[in-house]
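In: Need a 3D model of the following:
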Amino acid sequence: MKLGLQLGYWQRNADDATASVLAAERLGYDSVWTAEAYGSDAFTPLAWYGARTSRIKLGTSVAQLSARPPVTTAMTAMTLDALTGGRLILGVGASGPQVVEGWYGQPFARPLARTREYVEIMRKVWRREEPVTAGGPHYPLPLPGGLGKPLKLITHPLRPDIPVYLGAEGPRNVALAAEVAQGWLPLFAFPDKIEEMYGDALAGAPAGFEIAAMVTVVISDDVRAALNGVKLMLALYIGGMGARHRNFHADIIGRMGYAEAAEHIQSLYLAGRKDEAFQAIPDELADGISLVGPPGRIRERLELWRKSPVTSLLVMGPRDEPTLRQVRDLVLG
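Out: Next comes the predicted model:
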């Protein structure tokens, strides 16, 4: 199993994680990842960290499809990949209707079809076999009825096959990742339920397909306090990161076996009763998707991840070098 450092969003001037990234590279972490929602973008922090490192892979988790046309993402990825010596892993995802429609002013219709089209166009750009054309309907190239003509990328990519991972939560999205991408980025994963939930969706995955799961890690003798930190995050995602009738995060918690709890948590959160929403999150749910507690307890729970199809753990939480070393020794030791 490989180990990655998930930094999440860059949020403020003081949030420069260069020291953490350099420590992770020294300690043998395979990758470092940044994210975007409606604040910082995912690529600029990676360029910053990539300029200061030489070996660690650089991943987006995830770059939002609606933020950029597919050729723009392809150009950005090609440039960053070349400048960092072929270290980019391009994670992309459809996001959700609240962000896509509210922030980007784009329709959210048919996310699977849009994702498939998006990835196909990016691969055409990188291969440079011919001027890029696409029949649409979501990203037609050239624009029908206009003055544009098919164009070919001016710059030769360092790699014409930059790895693409999909951020996906529903079984159909995961099946699409197994079909068109080199990896899948699950946000919430119950290691002992992955086969049950996604076995059919992953059945067509090619050899070497990567599953890079994000997992909150808190090394502490106070298990209750550690679980509470995970529950705070879950309350936000289940309750507030989506519309009442279309929240993909709540849906996945439901598929894990907590549908009634997810509905109750969301109702409380949207009613402004956030403390009650927090209290309503089952301990076993928070514990199942995280690695918290003293080292012995984490080491024991890591066995569930090792038995799962997950190939990389992208740890969220640790930033200081002693803790990063401790996590490394637990996961890779």
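In: Dump the helix or strand where Gln98 lies to PDB, keeping only the CA atoms.
Out: Taking DSSP states H and E as the criterion, Gln98 maps to helix 97-102. What follows is helix 97-102, C-alpha atoms only, in PDB (Å, rounded to 0.1, in the frame of the first residue of the first chain):
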ATOM      1  CA  PRO A  97     -25.100  21.000  -8.400                       C
ATOM      2  CA  GLN A  98     -24.900  23.600  -5.700                       C
ATOM      3  CA  VAL A  99     -21.300  24.500  -6.700                       C
ATOM      4  CA  VAL A 100     -21.600  23.900 -10.400                       C
ATOM      5  CA  GLU A 101     -24.800  25.900 -10.800                       C
ATOM      6  CA  GLY A 102     -24.200  28.400  -7.900                       C
END
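In: now the helix or strand just after that helix: mean pLDDT?
Out: Once the chain leaves helix 97-102, the next helix or strand it forms, by DSSP H and E, is helix 111-127. In this model, helix 111-127 has a mean pLDDT of 98.
In: repeat for stretch 297-312
Out: Mean pLDDT, computed over stretch 297-312, is 97.
In: Can you give me the buried ones in the helix holding Gln98?
Out: Pro97, Gln98, Val99, Val100 (16 or more other CB atoms under 10 Å). Any C-beta I mention is one placed from the backbone N, CA and C, and that applies to glycine too.
In: Put together CSV for those, with pLDDT and distance to Gly240 on each row.
Out: CSV is the format used below for the buried residues of helix 97-102 (pLDDT from 0 to 100; distance: CB to CB, whole Å):
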residue, pLDDT, distance to Gly240
Pro97, 89, 14
Gln98, 86, 9
Val99, 91, 12
Val100, 94, 16
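In: Let me know the closest of those residues to Lys57.
Out: Using CB to CB, Val99 comes nearest to Lys57 of the buried residues of helix 97-102, at 26.2 Å.
In: didn't the closest one look like it was pressed against Glu36?
Out: No - at 9.7 Å, Val99 does not count as touching Glu36 under the criterion of CB atoms under 8 Å.
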